[in-house]
Structure formats: structure tokens, C-alpha cells
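[1] how does the following fold in three dimensions:
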Amino acid sequence: MNLIIETERLLLRPFEISDAESLFEMDKNPNTHHYLSKKPVENIDEVYAYIEMVQKQYTENGIGRFSTILKETGELIGWSGIKFVNDHVENGNTNFYDYGYRLNEKFWNKGYASEATKAWFEYGFNVMKIKEMNAYTHAENGASNHILEKNGMQLKEVYIAEDDINWKWWQMINPTI
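    Here you go, the predicted structure:
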């Protein structure tokens with residue numbers, strides 16, 4: 001996949017094997033996983049497997065999570081992007097487009113997640129012509145919930161997942177249709 005999306009400060013590009021060290025640094029941090037599984041990555045081989053899985057999604061689904069790069073320094077600050085979820089059921093749903101992101105803690109609260117989210121929504125709705133975008137967040141993750149709402153997503157419901165944690169289900173219908 002050779003798609004690159006550019007924003008004012010970011011480059012969003014497909015994962016490369018060379019991204020593994022930066023992704024490992026991010027995902028081994030327990031703070032990064034506070035509103036996720038609370039199971040930080042322990043071995044870089046887990047990151048290599050994740051990169052390979054996402055690269056397979058590019059081929060099978062034409063989209064997936066992308067490395068999020070700070071243009072000014074060339075530094076990988078995390079990932080963001082649209083994923084076609086067809087490998088599990090979430091809140092009773094499968095075969096849906098999901099937006100998500102994860103940033104290295106040292107890049108939190110700088111507006112990068114909002115900037116990437118805006119770019120991905122524009123791409124998903126205007127280029128991919130997605131009819132409906134979904135996202136799900138830990139109910140207590142105020143920052144992520146705020147970013148989704150600020151970028152036009154509507155809270156549809158709060159549900160309890162298999163982990164017995166409250167999650168929020170977000171949705172946005174393509175405004176250009």
C-alpha cells in the first residue's frame with residue numbers, strides 16, 4: 001500500500017518493519033495501556049507480529065492502521081487510522097469501519113490525535129466513501145472521548161464488554177451522502 005496522508009504537522013503512512021522499535025517503546029509503557037487491556041507489550045516480537053497483521057489487512061481490506069509521523073522530526077509518534085473490523089464482534093457488531101489511534105505518551109496533549117482524526121475522517125468519508133464510521137473507547141478515557149465528539153462522532157451507547165468494563169460506542173454517518 002503506497003497511500004500517504006499529509007496534515008499540517010503529520011505524515012500518515014503504512015506500517016513498515018522499521019517502525020517496530022518506536023511502536024515497541026510506545027506499547028511497553030503501562031500508561032499507554034491504562035484504558036486498554038492493561039497488558040503492555042513485553043517483547044518486540046509482538047510488535048513485529050502486529051505489523052505483519054496490519055500489512056495483511058492493507059491487502060485484504062484496502063485499509064488499516066497507519067504509522068503517524070511528526071513531519072518536523074521524522075519521528076514516529078504512534079499510529080492512527082481506519083480498520084475494517086471483520087475478525088471479531090464488538091458490541092454485537094462485525095464487518096464495520098472503525099477509527100482508532102494510539103500515541104506515545106510523550107506526544108499526548110499536543111493536538112496530534114485531533115489532527116490525525118480529522119484527516120482520517122476526511123479520507124474515509126470523501127475518498128473511501130464510507131457510509132458509517134464507528135469507534136469504541138473506554139468509558140473513562142476522557143481525552144479520547146472528547147476527540148471523537150469534537151470531530152463529529154455521536155455517542156450511541158455505553159456497553160459492557162467481555163472484560164466487564166464500560167465502553168462507549170461512537171458513530172458518525174458520512175456527512176457527504
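
[2] okay, strands next: where are they in the chain?
    5-6, 10-14, 65-70, 75-85, 96-103, 132-138, 154-160, 166-173 (DSSP state E).

[3] for the ones you listed, which one sits closest to residue 31?
    Closest to residue 31 of the strands of the chain is strand 96-103 (Cβ to Cβ; 11.0 Å). (Glycine included, C-beta is placed from N, CA and C.)

[4] helices or strands next to the closest one in the packing?
    helix 20-27, strand 65-70, strand 75-85, helix 112-122, strand 132-138 (3 or more Cβ pairs under 8 Å, 6 or more residues apart in numbering; DSSP states H and E).

[5] now with 6 Å, please.
    With contacts defined as 3 or more Cβ pairs under 6 Å, 6 or more residues apart in numbering; DSSP states H and E, the packing partners of strand 96-103 are strand 75-85, helix 112-122, strand 132-138.

[6] can you give me the end-to-end distance of stretch 127-137?
    Using Cα to Cα, to the nearest Å, the end-to-end distance of stretch 127-137 comes out at 25 Å.

[7] residues touching it, excluding its own?
    For stretch 127-137, contacts defined as Cβ atoms under 6 Å, 6 or more residues apart in numbering pick out 96-99, 124, 144-145, 148, 167-174.

[8] and that stretch, which residues are buried?
    With burial defined by 16 or more other Cβ atoms under 10 Å, the residues of stretch 127-137 counted as buried are 128, 130, 133-137.

[9] so which of these comes closest to residue 91?
    Distances from residue 91 to the buried residues of stretch 127-137, taken by Cβ to Cβ, are shortest for residue 136, at 6.6 Å.

[10] against residue 52, how distant is that closest one?
    24 Å (Cβ to Cβ, to the nearest Å).

[11] helices and strands around the top helix by length along the chain, which ones?
    If you go by DSSP state H, the chain has its longest helix at helix 44-61. Applying 3+ Cβ pairs under 6 Å, 6+ apart, we find helix 44-61 packed against helix 20-27.

[12] give me the angle between the helix it packs on and strand 96-103.
    Orientation of helix 20-27 against strand 96-103 (axes from the mean of the first three to the mean of the last three Cα atoms, to 10 degrees) gives an angle of 90 degrees.

[13] who touches residue 22 in this structure?
    residue 76.

[14] ok, now with 10 Å
    Contacts for residue 22 (Cβ atoms under 10 Å, 6 or more residues apart in numbering) come out as 47, 67, 69, 75-79, 104.
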